[in-house]
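[1] can't give you the sequence, but here's the structure:
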């Protein structure tokens with residue numbers, strides 16, 4: 001999947017950066033269309049979509065859990081209740097020592 005993304009990015013960069021003119025652009029776009037319409041590519045693309053849909057709920061749960069943990073950690077840091085064994089840098093009136 002990463003190779004495909006790299007190849008796609010390289011292809012887009014080449015197409016956008018090329019100075020070979022319209023003829024070369026048309027040749028490249030013809031090749032892209034052929035590849036895009038290839039049944040093997042369509043099958044793999046559908047498999048990728050199905051896999052993403054299958055794993056989306058699990059990923060969403062993990063992201064939600066991680067966000068909740070990060071939120072709780074941030075609140076603890078702000079309120080000063082993160083770890084009572086760690087010394088505070090502020091003095092008794094809240095100023096630095």
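    Nice, thanks for sending it over. This is a predicted model, so every value here is computed, not measured.
[2] what about residue 50, distance to residue 56?
    To residue 56, residue 50 is 11 Å away according to C-beta to C-beta, to the nearest Å. Where C-beta positions appear, they are placed from N, C-alpha and C, glycine not excepted.
[3] how far off centre is the longest helix along the chain?
    Looking across the chain with DSSP state H, the single longest helix is helix 39-79. Put simply, helix 39-79 sits 10 Å off its chain's centre (C-alpha atoms, centre = their mean, to the nearest Å).
[4] average model confidence for that helix?
    The average of the pLDDT scores along helix 39-79 is 89.
[5] for that helix, packing partners?
    Where contact means 3 or more C-beta pairs under 8 Å, 6 or more residues apart in numbering; DSSP states H and E, helix 39-79 is not packed against any helix or strand.
[6] 10 Å instead?
    Where contact means 3 or more C-beta pairs under 10 Å, 6 or more residues apart in numbering; DSSP states H and E, helix 39-79 is packed against helix 2-17, helix 22-37.
[7] out of these, which is closest to residue 70?
    Distances from residue 70 to each of the helices and strands packed on helix 39-79 were compared by C-beta to C-beta, and the smallest falls on helix 2-17, at 26.9 Å.
[8] and the angle from the closest one to helix 39-79?
    If you take axes from the mean of the first three to the mean of the last three C-alpha atoms, to 10 degrees, helix 2-17 sits at 100 degrees to helix 39-79.
[9] list the contacts of helix 2-17.
    By C-beta atoms under 10 Å, 6 or more residues apart in numbering, the list of residues contacting helix 2-17 from outside reads 20, 24-25, 28-29, 31-32, 35, 41, 44-45, 48.
[10] gap between residue 21 and residue 27?
    Relative to residue 27, and taking C-beta to C-beta, residue 21 is found at 10 Å.
[11] go on, residue 66?
    46 Å.
[12] and for residue 59?
    Residue 59 sits 39 Å away from residue 27, going by C-beta to C-beta.
[13] what number of residues lie near residue 59?
    The local packing of residue 59 (other C-beta atoms under 10 Å) involves 10 other residues.
[14] who's in contact with it?
    Contacts of residue 59 (C-beta under 10 Å, 6+ apart): residue 52.
[15] swap in residue 29?
    Applying C-beta under 10 Å, 6+ apart to residue 29 gives the contacts residue 15.
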